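Engineer: What shape does this take:
(chains A, B, C and D)
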Protein chains: 4
Amino acid sequence: MKSIKQLREKKNTAILLIHCDDKQGILATVTEFLNENNGNIIYLDQYVDRLEKVFYMRVEWELEGFAIPTNKIGEYFDTLIASKLNMNFKLYFSDDVPRMAIFVSKMSHCLFDMLSRYTAGEWDVDIPLIISNHEKLKPVADRFDIDFHYFPITKENKKEQEAAELELLKKYKIDFIVLARYMQILSGDFVSRYTNKVINIHHSFLPAFAGAKPYHAAHERGVKIIGATSHYVTSDLDAGPIIEQDVTRCSHIDTVKSLIRKGCDLEKIVLSNAVYKHLQRKVLVYKNRTVVFS
Amino acid sequence: MKSIKQLREKKNTAILLIHCDDKQGILATVTEFLNENNGNIIYLDQYVDRLEKVFYMRVEWELEGFAIPTNKIGEYFDTLIASKLNMNFKLYFSDDVPRMAIFVSKMSHCLFDMLSRYTAGEWDVDIPLIISNHEKLKPVADRFDIDFHYFPITKENKKEQEAAELELLKKYKIDFIVLARYMQILSGDFVSRYTNKVINIHHSFLPAFAGAKPYHAAHERGVKIIGATSHYVTSDLDAGPIIEQDVTRCSHIDTVKSLIRKGCDLEKIVLSNAVYKHLQRKVLVYKNRTVVFS
Amino acid sequence: MKSIKQLREKKNTAILLIHCDDKQGILATVTEFLNENNGNIIYLDQYVDRLEKVFYMRVEWELEGFAIPTNKIGEYFDTLIASKLNMNFKLYFSDDVPRMAIFVSKMSHCLFDMLSRYTAGEWDVDIPLIISNHEKLKPVADRFDIDFHYFPITKENKKEQEAAELELLKKYKIDFIVLARYMQILSGDFVSRYTNKVINIHHSFLPAFAGAKPYHAAHERGVKIIGATSHYVTSDLDAGPIIEQDVTRCSHIDTVKSLIRKGCDLEKIVLSNAVYKHLQRKVLVYKNRTVVFS
Amino acid sequence: MKSIKQLREKKNTAILLIHCDDKQGILATVTEFLNENNGNIIYLDQYVDRLEKVFYMRVEWELEGFAIPTNKIGEYFDTLIASKLNMNFKLYFSDDVPRMAIFVSKMSHCLFDMLSRYTAGEWDVDIPLIISNHEKLKPVADRFDIDFHYFPITKENKKEQEAAELELLKKYKIDFIVLARYMQILSGDFVSRYTNKVINIHHSFLPAFAGAKPYHAAHERGVKIIGATSHYVTSDLDAGPIIEQDVTRCSHIDTVKSLIRKGCDLEKIVLSNAVYKHLQRKVLVYKNRTVVFS
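Structural biologist: Residues are numbered from 1 along each chain as shown, chains lettered A, B, ... in the order given. Next comes the predicted model:
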């Protein structure tokens, strides 16, 4: 059924994500470098944080006809541009399809949404692995023909289980992880292996209602709007760089149960939008905030 | 896998949907009837259109302990209340699970969303049948273990094919139909068999951009917001009673392709919300408009 | 210029706001009482909190033709209905125009918005008094011909100044107070004189970013959505019952200054919506939450 | 009272709005031109329509220290850059405060909102003139000390009255016009004098409900969302390039009157946002669509 991937377009492009201290001429320097080497730019967006004096840029160009061999682009760009300008950069190629693992517990709505997009070919990604601390969602993994590994977690076995999970992630060559309502806190050690590579969905409008049972807390507080937040996981719980948020209206009529129902729809769309932006290499993290290119 | 229906709660309730000319005392009369017969009301909402002088009501009560036998409630209510007040009413029982058919063509996002909810047990419904004018989405039906019937439609065979579809719908005891981006117009004859029982999703904010290729038209017009509309199908194309609408922002940056991508997320949520309201017996149609109880 | 109040309609109605323990028959009892006495109901909404087992209701009927004299309605309803059912109720008459005072500091956007609505006749209210801890907005008060009183507040004089303000509020027969970005915390004693009668606007999506400088905090946190919250003031800072909230999107591009600019538009609409609901007697406070009838 | 303009910042900058056929190197050429002449860029945004192959750019830089004298910038840029690249450009200076006229009829909400912002110093603009086809809002103009001219329009006198208005606009040196719910259609001849310089607010989500009485039409159609659209006026009614749109939810409960009330809040914010973008020189019209820079 993976043949339904008719939406996946192979364009063979290179993508540069850049940030550095802002000075005059950076934008001209980078675009000239690409122009001189016959790189046809198909996307360019830049942003200058005038307060922090930081320059950010995302540029994407076609590899066909580009004067520098693909496997040399990184080296050339580093030598000729980045080192001189003291620039941080990441280089991606569109035909490197990233490999993603999904961590779940018992709720299936985000999992279904992502597997549906994957199966329909909406996303340029491979999803070879699902990890869970419960067995409940194995049938969903089976239905979509994806390997499912069960790692029950207790206070006692957490260290060993995480080690085994890391081993498995390595074996599956996983590039990044999506926590799809995974109800376990990853250890700082685990997180540090995947910096800005673990995407979580929190079921509230952060920083409101961080921690457990946000819908109960929202109901108790009597808010008129609920939300969901997708962010990169850091060692501080629910405090990592925010990628995407959305909200929906509620009222006194809503029960905790109806808030959960409405919230689930928010969660799956917000999480999938965040994953999509990540897959498009449009998210750049700087000082616990994100630049999300349009 | 249907055993994941842990969210489905069997409450054994009766639901009355009522509308009639507004006069003093209707609300009191209905609630008294239920109270006198020991009906524990768990939901009551009413609305009076003061301009048209029409009274609308939805009331739900527990069957346990209700003095009138379940199979006599309709007759008693009609005799004692409805006939006297010249009232239109529909009576539903929560343990009558409605049977729904899905019509699709080639796009899978709405189909996946509904089948995911169904499989996860979000909805009190049975979905035994998918009908399509293309073979493309059969693998999706297979993946969710649902019967898939292929009815290619041409100008010449439309009448016969619709007759065959109607036959099949009858055989499967289908109560209502959801058009999940089904790219065929149903004949007036077909629609008249399922009045207010065919739910469509149109990929625009109706009445803007009715008809074909709304995202192309939206791009051409340069709108700053796009939308999706779910409505009951009538013999007038895209002009039936609206159940639910939602919108999302766009800008000059958006291409037709990116509008489609954003729009697909809208469509699936709007359609699923409309189906959910329909399943909850919360939609009442009157003069080409809907009352949607909260 | 107050003659532009062409939108103010004098309907001469009575409004009952009710809450009590839920039991069978309350709704029928109240509507029968009105029907029997020839009260033509023009608005009825009710809501039952099934968890807390509390019944809430707002009903409005025309006084013309009502069998009970206007000045006896409260007594009759209390004796015949409320006492028997252990009901809390408030009775209002549409021709009692409430008197509102506005407290401001230096920002004028909410003040302008409310005075514009007042002058244009959008609201059924009298606004005879503006109080401020700064002199800056006196010209705005003058422009709209409203008395402006200046009460500079210091730690030392706060008690005396609040006493003087309370005196003035009494003199002006003020029914309720709107804090339109008033940057002073009212003492618990002051607040207790106007329980659920002081409406504040906080420039964040509460409970996120309570306290000072919420736009700075929102920028620092890197949120993708900002909000505004209108609530009744209690002795707990920014923790009173929420009446209305709204949000708007932001991004990495936004500076604190642009967040403030976007936020000001939110604040004025959210505050004015909350005041409008309060004026319509559609807000009912129960256990630090609001029921806001539609 | 105009001294409350504390928010107006004089930065003395130059702004270029550019569009031309896309080719390699345009961005580099323009930024190099500014860099070489010591122009400190404080804003740069660009966008390429890859389908139409058009390049759009807005760049703003500080005049202090710029090598080319302010009154020669246009000439130099034209000679050295624009002519060679066949570029359309407009050059603005931040200290040229544009002069705006407001046209109104009887509804005051948009007028109040704009005059409030103007008086509070939110906008870098002068508003010396209000024109109306009714006398009703003269008191509002007086209250804000702005000249008000009354031009009653009939089929017979329309040509002469428009001629007199054009004369007056010339006398007041008006740069652009805002139609704040002005219920008259400007003649094609009038509009052609102010191409992309007449901003209108239409009280619907265009292209839905163009023309008269959109709230009545929305109510009749039973939509679940209403909207407002601000656009430049062209000779085609309600069909000009859209600058800004927004929407709000409604339901079966809404009457035409309540739709109007909700819609008025939308209209004033949407119109003011459009005017703000226009004042910031962030709107570029191309083929009946707008590029609105962020």
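Engineer: Looking at the stretch 51-200 of chain A, which residue is nearest chain C?
Structural biologist: Proximity to chain C, evaluated over the stretch 51-200 of chain A using CB to the nearest CB, is greatest for A:Leu51 at 6.7 Å. Every C-beta, even on glycine, is put in place using the N, C-alpha and C of the backbone.
Engineer: so what's that residue up against?
Structural biologist: C:Thr255 (CB atoms under 8 Å, 6 or more residues apart in numbering or on different chains).
Engineer: per-residue confidence at A:Tyr118?
Structural biologist: pLDDT, A:Tyr118: 98.
Engineer: I figured it hits A:Val125, correct?
Structural biologist: Yes - under the criterion of CB atoms under 8 Å, A:Tyr118 makes contact with A:Val125 at 6.6 Å.
Engineer: quick check, the residue of the stretch 51-200 of chain A closest to chain C in a strand?
Structural biologist: No - under DSSP: H, G, I helix; E, B strand; the rest coil, A:Leu51 falls outside any strand and is assigned coil.
Engineer: Stretch A:97-115: end-to-end distance?
Structural biologist: 16 Å (CA to CA, to the nearest Å).
Engineer: wait, stretch A:282-294
Structural biologist: 7 Å.
Engineer: Phi and psi next, for A:Gly211.
Structural biologist: phi 80, psi -160 (degrees, to the nearest 10).
Engineer: Assess the claim that it and A:Ala239 are in contact.
Structural biologist: No - A:Gly211 is beyond contact range of A:Ala239, at 10.6 Å (criterion: CB under 8 Å).
Engineer: quick one, whichever helix in chain A runs longest and helix B:256-279 angle?
Structural biologist: Longest helix of chain A, by residue count under DSSP state H: helix A:256-279. Put simply, helix A:256-279 runs at 170 degrees to helix B:256-279, going by axes from the mean of the first three to the mean of the last three CA atoms, to 10 degrees.
Engineer: And for A:Arg249, the neighbour number?
Structural biologist: Residues lying near A:Arg249 (other CB atoms under 10 Å in any protein chain shown) number 13.
Engineer: Identify the residues contacting it.
Structural biologist: A:Lys224, A:Ile225, D:Arg249.
Engineer: and the first one, how far is that from D:Asp265?
Structural biologist: Between A:Lys224 and D:Asp265 the computed distance is 16 Å (CB to CB, to the nearest Å).
Engineer: export the contacts of A:Arg249 to TSV and tack on pLDDT and secondary structure?
Structural biologist: Listed next are those as TSV, based on pLDDT from 0 to 100; DSSP: H, G, I helix; E, B strand; the rest coil:
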residue	pLDDT	secondary structure
A:Lys224	98	coil
A:Ile225	98	strand
D:Arg249	97	strand
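Engineer: and which of the residues you listed is nearest B:Asp22?
Structural biologist: D:Arg249 (25.2 Å; CB to CB).
Engineer: pLDDT value on A:Val256, please?
Structural biologist: Note on A:Val256: pLDDT of 97.
Engineer: from memory it sits against A:His219, does it?
Structural biologist: Yes - between A:Val256 and A:His219 there is a contact at 4.8 Å, judged by CB under 8 Å.
Engineer: Looking at the two, which is more packed in?
Structural biologist: Remark: of A:Val256 and A:His219, A:His219 carries more neighbours, 22 against 15, as counted by other CB under 10 Å.
Engineer: Tell me how far the more buried one lies from chain C.
Structural biologist: 9 Å (CB to the nearest CB, to the nearest Å).
Engineer: In a strand, that residue, correct?
Structural biologist: No - using three-state DSSP, the secondary structure at A:His219 is helix, not a strand.
Engineer: For it, list the residues it contacts.
Structural biologist: A:His219 makes contact with A:Asp254, A:Thr255, A:Val256, A:Leu259 under the criterion CB under 8 Å, 6+ apart.
Engineer: run the last query once more with 10 Å
Structural biologist: A:His219 makes contact with A:213, A:226, A:250, A:252, A:254-260, C:51, C:289 under the criterion CB atoms under 10 Å, 6 or more residues apart in numbering or on different chains.
Engineer: List buried residues within the residues you listed.
Structural biologist: A:Ile226, A:Cys250, A:His252, A:Asp254, A:Leu259, A:Ile260, C:Arg289 (16 or more other CB atoms under 10 Å in any protein chain shown).
Engineer: how near is the nearest residue to A:Ser258 once chain neighbours are set aside to chain B?
Structural biologist: Counting by CB to CB, 6 or more residues apart in numbering or on different chains, A:Ser258 lies nearest to A:Cys250, which is 7.8 Å off, once chain neighbours are set aside. Noted for A:Cys250: a distance of 11 Å to chain B, by CB to the nearest CB.
Engineer: what pairs with the nearest residue to A:Leu206 once chain neighbours are set aside across the strands?
Structural biologist: Among residues not flanking A:Leu206 along the chain, A:Thr229 sits closest, at 4.1 Å (CB to CB, 6+ apart). A:Thr229 has these beta-bridge partners by DSSP bridges: A:His202, A:Gln245.
Engineer: I'd assumed A:Asn273 was in contact with A:Thr229.
Structural biologist: No - A:Thr229 is beyond contact range of A:Asn273, at 11.5 Å (criterion: CB atoms under 10 Å).
Engineer: can you list residues touching both of those two?
Structural biologist: A:Ile243, A:Glu244, A:Gln245, A:Asp246.
Engineer: Turn those into CSV, including distance to C:Asp22, neighbour count and pLDDT.
Structural biologist: Output for the shared contacts of A:Thr229 and A:Asn273, formatted as CSV (distance: CB to CB, whole Å; neighbours: other CB atoms under 10 Å in any protein chain shown; pLDDT from 0 to 100):
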residue, distance to C:Asp22, neighbour count, pLDDT
A:Ile243, 44, 27, 98
A:Glu244, 41, 25, 98
A:Gln245, 37, 24, 98
A:Asp246, 35, 21, 98
